[in-house]
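Task: produce atomic coordinates for the following.
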Amino acid sequence: MTIAFAFIHFLFSIVVTVYKAIRPLLFALNPEHSHNITLAATALAGNLGVMDCVLPSRVEDTVELMGLQFANRVGLAAGLDKDARCMQGMQALGFGFLEVGTVTPLAQPGNPEPRMFRLTEQQAIINRMGFNNDGLESMLERLEKLRRNPLQVPLGINLGKNKSTPADRAIDDYLQGLDAAFELADYITINLSSPNTPGLRDMQFGEPLDALLLALSERRARLIDQYGDYTPLLVKLAPDMSTEDLLRVSDRLVHFGMDGVIATNTTIDRSLVSDSPHANEAGGLSGSVLYERSTAVVASLAQHLKGALVIVGVGGISSGDDAVGKMAAGADLVQIYSGLIYQGPGLVRECAQAIKEGSPW
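Numbering: from 1, shown residues only. Prediction:
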């Protein structure tokens, strides 16, 4: 073991130990309040450069996909940093890429509180946040400022529609988001799979899906001509559709020139947490209990698509072994969120290192 490696291992152990020490305090708070406090602290530490001084260096495991250089294959899933407030801090945790949002054209408060619930025994979370965010304009102002101190990893922007936008105008919201985010994002994700916006998941199927994908494809072609640059488009899908529907949807993504698929969003299935006191809470379920289902979706997509789309595996990753399992199922990249809450920031490095040391992908 080299001195440098020993020092990195020492720093890594400190990070893990500190999080284990403060986690009971955070878990004693209302989940959403704890979330907001953690984000504020991460944003402050990142902006001050404090995290760069105490965290071990990022695992370098560069891969090129969709024309982008990913520092490693482990990314931050959308939903944690909705408004792009703590990107420098999140980058310092060692992620190979970051995804912010979901952001909607107009600011919206989301659903009434309480709207986030911990299922600690199952290492799971139920949320019905409802795309609470400060809106596109606010996020774009932060991203413009970021150009003075740019990120070292790719940045994805996850787009949604406003709750108040009727279904027959939903495409307008996504096109507005695409126009605004195109030049500032390294890639853009279209979120059609949150269970917390009424009617949103209906856009994953049939004519509504085709109409949206056609509009996105045509608008992107115009934006490419305007800016002379290419921005990949990915679509985030739900884990609750049948395999037949899943493969049919993936074929439409290929047909309309999408670059990737994120599998998966949260589930509305409660069968694995039926004994939890929060099992009947409305919202999307994430965490360890989602691992098998989301990984099965990744495997089905990989077998069917045979490389036609980049697959980002997300759902239930709580260890390095889980991350390797997603890759073995056919993912090209992985993302984490709920596991970060339960396992702490050390999970990022653990997953990146496990993937790097695994079989060639």
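
Against which helices or strands is the helix or strand where D251 lies packed?
Element membership for D251, per DSSP states H and E: helix 243-255. Packing contacts for helix 243-255, counted by 3 or more Cβ pairs under 8 Å, 6 or more residues apart in numbering; DSSP states H and E, involve helix 206-227, strand 233-237, helix 291-305. Every C-beta, even on glycine, is put in place using the N, C-alpha and C of the backbone.

Which neighbouring elements make contact with the longest strand along the chain?
Using DSSP state E, we find that the single longest strand of the chain is strand 97-103. The helices and strands touching strand 97-103, judged by 3+ Cβ pairs under 8 Å, 6+ apart, are strand 74-76, helix 87-92, helix 136-146, strand 155-159, strand 187-191.

Just the CA atoms of it, as PDB, please.
Taking Å, rounded to 0.1, in the frame of the first residue of the first chain, the C-alpha atoms of strand 97-103 are listed here in PDB:
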ATOM      1  CA  PHE A  97     -21.400  13.300 -12.900                       C
ATOM      2  CA  LEU A  98     -24.200  15.200 -11.400                       C
ATOM      3  CA  GLU A  99     -27.900  15.600 -12.300                       C
ATOM      4  CA  VAL A 100     -30.000  18.500 -10.900                       C
ATOM      5  CA  GLY A 101     -33.700  19.100 -10.900                       C
ATOM      6  CA  THR A 102     -36.400  18.100 -11.500                       C
ATOM      7  CA  VAL A 103     -37.000  21.700 -12.600                       C
END
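
That one pairs with which strands, parallel or anti?
strand 74-76 (parallel), strand 155-159 (parallel) (DSSP bridges).

Confirm for me that G101 is in contact with N133.
Yes: look at G101 against N133 with Cβ atoms under 8 Å: they come within range, at 7.2 Å.

ok, back up a step: can you lay out the helices and strands packed on helix 243-255 as TSV showing mean neighbour count and mean pLDDT?
Output for these, formatted as TSV (neighbours: other Cβ atoms under 10 Å; pLDDT from 0 to 100):
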stretch	mean neighbour count	mean pLDDT
helix 206-227	15	96
strand 233-237	26	97
helix 291-305	20	98
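
got those as a markdown table, with distance to T267 columns?
A markdown table is the format used below for the helices and strands packed on helix 243-255 (distance: least, Cβ to Cβ, whole Å):
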| stretch | distance to T267 |
| --- | --- |
| helix 206-227 | 20 |
| strand 233-237 | 11 |
| helix 291-305 | 7 |
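
what's the closest of the ones you listed to L65?
Among the helices and strands packed on helix 243-255, the nearest to L65 by Cβ to Cβ is strand 233-237 (10.7 Å).

Listing partners with orientation, what would you give for the closest one?
strand 187-191 (parallel), strand 260-263 (parallel).

For S271, which of the ones you listed is the nearest?
In terms of Cβ to Cβ, the element of those nearest to S271 is strand 260-263, at 19.5 Å.

next SSE after that closest one?
Next along the chain after strand 260-263, taking DSSP H and E as the criterion, comes strand 284-287.

which helices and strands does that next one pack with?
strand 124-127, helix 338-343.

need the next SSE after the helix or strand of the chain with the lowest mean pLDDT, C-terminal direction.
Using mean pLDDT, DSSP states H and E, helix 3-27 stands out as the lowest-scoring helix or strand of the chain, at a mean of 57. Once helix 3-27 ends, the next helix or strand along the chain (criterion: DSSP H and E) is helix 31-48.

Confirm that N111 sits in a strand.
No: read with DSSP: H, G, I helix; E, B strand; the rest coil, N111 is coil and lies in no strand.

Quick check: it touching N127?
No: the criterion here is Cβ under 8 Å, and N111 misses it with N127 at 9.3 Å.

more neighbours, these two?
A count of neighbours by other Cβ atoms under 10 Å puts N127 above the other of N111 and N127, at 25 against 18.

roughly how far is the helix holding D251 from the heart of the chain?
With Cα atoms, centre = their mean, to the nearest Å as the basis, helix 243-255 stands 21 Å off its chain's centre.
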